[in-house]
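Trainee: Provided below are the primary sequence and the corresponding predicted coordinates.
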Amino acid sequence: MDPKRPWECADMSQVRDEIDRIDRELVDLIAERFGYVDRAWQLKLKSAEGAVVPWRIQQVIDKVRVQATEKGVSPDLCEALWRQMIGWFIQYEEENLRKQSEGNGGKGA
């Protein structure tokens, strides 16, 4: 079944179905992003770069805000969501980097 545009939804059931579809796609994209974050901490073991890279965080936030504005979505909302996600990923990276530096070798969460 093809996705419906918001104005094509005739009732709340259709709206909810489309929201559920989008949520599934968002989880898929977050899982894909997570794969790159997982690889990032492994590569950072070979460099002096830690989990927190302030210039990169700001670069990502700036790009998200621009894209949100272009799409007519609140840049503040998108920034808040991305900062939450970035914070979780940083915590994940730090935990794995710490375990590796302690010689534990585990991958963590």
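Mentor: Sure, I can see it.
Trainee: nearest residue to I90 in space, please, no chain neighbours.
Mentor: A51 (5.0 Å; C-beta to C-beta, 6 or more residues apart in numbering). (Glycine included, C-beta is placed from N, CA and C.)
Trainee: and the one you found, how far from A31?
Mentor: 20 Å (C-beta to C-beta, to the nearest Å).
Trainee: neighbour count: these two, which is higher?
Mentor: Ranked by neighbour count (other C-beta atoms under 10 Å), A51 and A31 place A51 first, with 18 against 9.
Trainee: enumerate every residue touching the more buried one.
Mentor: By C-beta atoms under 8 Å, 6 or more residues apart in numbering, the residues touching A51 are 41, 44, 90, 93-94, 97.
Trainee: what's the closest of those to R65?
Mentor: I90 (19.1 Å; C-beta to C-beta).
Trainee: doesn't V52 make contact with that closest one?
Mentor: Yes. At 5.8 Å, I90 counts as touching V52 under the criterion of C-beta atoms under 8 Å.
Trainee: what about the protein, any weak spots by pLDDT?
Mentor: 104-109 (pLDDT under 70).
Trainee: where along it do the helices fall?
Mentor: 12-44, 54-71, 75-101 (DSSP state H).
Trainee: just put these in TSV and tack on distance to P3.
Mentor: Shown next, in TSV, are the helices of the chain (distance: least, C-beta to C-beta, whole Å):
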stretch	distance to P3
helix 12-44	6
helix 54-71	17
helix 75-101	21
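Trainee: most tightly packed of the ones you listed?
Mentor: Per residue and on average, the most neighbours among these fall to helix 75-101, with a mean of 15 (mean count of other C-beta atoms under 10 Å).
Trainee: what angle do that helix and helix 54-71 make?
Mentor: 150 degrees (axes from the mean of the first three to the mean of the last three C-alpha atoms, to 10 degrees).
Trainee: next one: helix 75-101 to chain centre, how far?
Mentor: Between the centre of helix 75-101 and the centre of its chain there are 8 Å (C-alpha atoms, centre = their mean, to the nearest Å).
Trainee: remind me what it packs against, helices and strands.
Mentor: Counting contacts by 3 or more C-beta pairs under 8 Å, 6 or more residues apart in numbering; DSSP states H and E, helix 75-101 packs against helix 12-44, helix 54-71.
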